[in-house]
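**Q** okay, sequence plus prediction incoming.
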Amino acid sequence: MTDVLRIGIVGAGIMGRGNAFSMSGRADAEITAVTSRSAASAGQLADEIAGRGAPRPTLRPDLAALLSDDTVDAVVLTTPDDVHGEMMVLAAEAGKHILVEKPMTTSVAEADAAVQAIREHGVVAMCLFNHRWVPAYAQAHELLADLGDAAVAYARKDDTIFVPTEMLSWADRTTCAWFLSSHDIDLVSWLLRDQVRRVYATARWGKLRSLGIDTPDAIQIQAEYSRGAVATFESAWIYPNTFPTTVDSYVSVVADNGVVQLDRQKESVVLAKPDGYSYPRNMLQRVMHGIPSGAYADAIAHWVDCSRTGRQPLITIESSRNVTAVLEAAHRSIETRQPVDVSMLADPGLA
């Protein structure tokens, strides 16, 4: 049992700051080191952490220096999607616990190498699929246990065009499915307590290519689950920026004895100002009386607790590897225009 988990953050962008904000006020965690490709961004993040009353973390020039730091027990990887795999292996080999932003990796081979390293070195690792801590989604998981076998599910997660054109500098190195549907595949598979066995996927290019960003505008994945349920995963990121939320999110599950619907477009608050109309977000990230809260902070708190105690997280590293397998198969299906079988690892969370 570790009294205080000492954390190194890798990446000082939006997600690095979000993780730091959720962790820096905790009594059981301290951010002791930061590294980023941009030294200026790392320094700014360290200053922000210190500005909240926490000790200023040490700046490290690269991942290797951070992993060799004796004041670091665990790492948080908030780098672009396509570089998570090797970092996870290096962190596991260094004996550091791991929290990685979604998706775990964008390659099954890299995910398998990470799973092997994590299990061999006995570190705690979790992919930050924070939607499992949204109260409505957690309640849906309980409700579905009494509704019989699932028949069909639908999950939509669409972003405004701000995300691939302004928020991400590396949108051409990922797709809307990797960035958005990874959340929904983890969530729906958890809700159904099942794993995908086959996918067929299609994509549309056009708007973003015309802007010089070579990534699909939208992807739709048809998935067959091992016990017979079917699901559709929709992702797009060309909504106009006038849409009242950056993300449009909706999930439904039809089972033999009932239906559960989860619509996150409005999260209790409606805001109208002279320059626009919006639905402020508060389920994932919010500040309650000066304290970071919401599903994002709750998921991080769970990982901190598991890393301190040695317990395995709710989100197994095998289940996150399986999300990668579904998405890799989907992108292969887009290329071949054929259904693709998905190779799944046994998931301890379904045992």
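**A** Yep, it's here.
**Q** Val254 in helix, strand or coil?
**A** strand (DSSP: H, G, I helix; E, B strand; the rest coil).
**Q** that one contacts Val152, correct?
**A** Yes: Val254 is within contact range of Val152, at 4.8 Å (criterion: Cβ atoms under 8 Å). Backbone N, C-alpha and C define where each C-beta goes, glycine included.
**Q** gap between the residue lying farthest from the centre of the chain and Pro280?
**A** Computed with Cα atoms, centre = their mean, the residue of the chain farthest from its C-alpha average is Pro274, at 34.1 Å. For Pro274, the distance to Pro280 equals 16 Å [Cβ to Cβ, to the nearest Å].
**Q** show me which helix runs longest in this structure.
**A** In the chain, assigned by DSSP state H, the helix with the most residues is helix 317-336.
**Q** and the next element down the chain from that helix?
**A** Heading C-terminal from helix 317-336, the first helix or strand you meet, by DSSP states H and E, is strand 340-341.
**Q** which residue ranges of the stretch 1-150 of the chain form helices?
**A** Secondary structure of the stretch 1-150 of the chain by DSSP state H, counting those that start in this stretch: the helices cover 14-23, 39-51, 63-67, 84-93, 108-121, 135-144.
**Q** show me what counts as buried in the fourth one.
**A** Residues of helix 84-93 classed as buried by neighbour count (16 or more other Cβ atoms under 10 Å): His84, Gly85, Met87, Met88, Val89, Leu90, Ala91, Ala92.
**Q** angle of the longest helix of the chain against helix 108-121?
**A** 170 degrees (axes from the mean of the first three to the mean of the last three Cα atoms, to 10 degrees).
**Q** gap between helix 317-336 and the chain center?
**A** Relative to its chain's centre, helix 317-336 lies at 15 Å (Cα atoms, centre = their mean, to the nearest Å).
**Q** could you check how far Pro313 is from His97?
**A** 10 Å.
**Q** once you drop chain neighbours, what's closest to Met10?
**A** For the record, residue 10 is Val, not Met. Leu77 (5.1 Å; Cβ to Cβ, 6 or more residues apart in numbering).
**Q** just checking, the one you found touches Val100?
**A** Yes: between Leu77 and Val100 there is a contact under Cβ under 8 Å: 4.4 Å.
**Q** quick check: neighbours shared by those two?
**A** His84, Met87, Met88 (Cβ atoms under 8 Å, 6 or more residues apart in numbering).
**Q** now, among those residues, which is nearest to Glu267?
**A** Comparing these against Glu267 with Cβ to Cβ picks out His84 as the nearest, at 28.4 Å.
**Q** okay but the closest one is in contact with Lys102, surely?
**A** No: counting by Cβ under 8 Å, His84 stays clear of Lys102, with 9.1 Å between them.
**Q** what's in contact with the helix or strand in which Ala201 is found?
**A** Taking DSSP H and E as the definition, Ala201 sits inside strand 196-204. Applying Cβ under 8 Å, 6+ apart, the contact partners of strand 196-204 are 175, 177, 185, 189, 216-226, 231, 322, 326, 329-331, 333-334, 337-342, 344.
**Q** now with 7 Å, please.
**A** When contacts are defined by Cβ atoms under 7 Å, 6 or more residues apart in numbering, strand 196-204 is touched by residues 189, 216-226, 326, 329-330, 333-334, 339-342.
**Q** roughly how far is whichever strand or helix holds Ile185 from the heart of the chain?
**A** Element membership for Ile185 (DSSP H and E) is helix 182-192. Taking Cα atoms, centre = their mean, one finds helix 182-192 lying 11 Å from the centre of the chain it belongs to.
**Q** what's the angle from it to helix 317-336?
**A** 120 degrees.
**Q** for helix 182-192, the averaged confidence score.
**A** Mean pLDDT, computed over helix 182-192, is 98.
**Q** who are the packing partners of it?
**A** helix 135-144, strand 150-160, strand 230-239, strand 247-255, helix 317-336 (3 or more Cβ pairs under 7 Å, 6 or more residues apart in numbering; DSSP states H and E).
**Q** given the fourth one, what are its sheet partners and their directions?
**A** What that stands for is strand 247-255. Its sheet considered, strand 247-255 pairs with strand 150-160 (antiparallel), strand 258-263 (antiparallel) by DSSP bridges.
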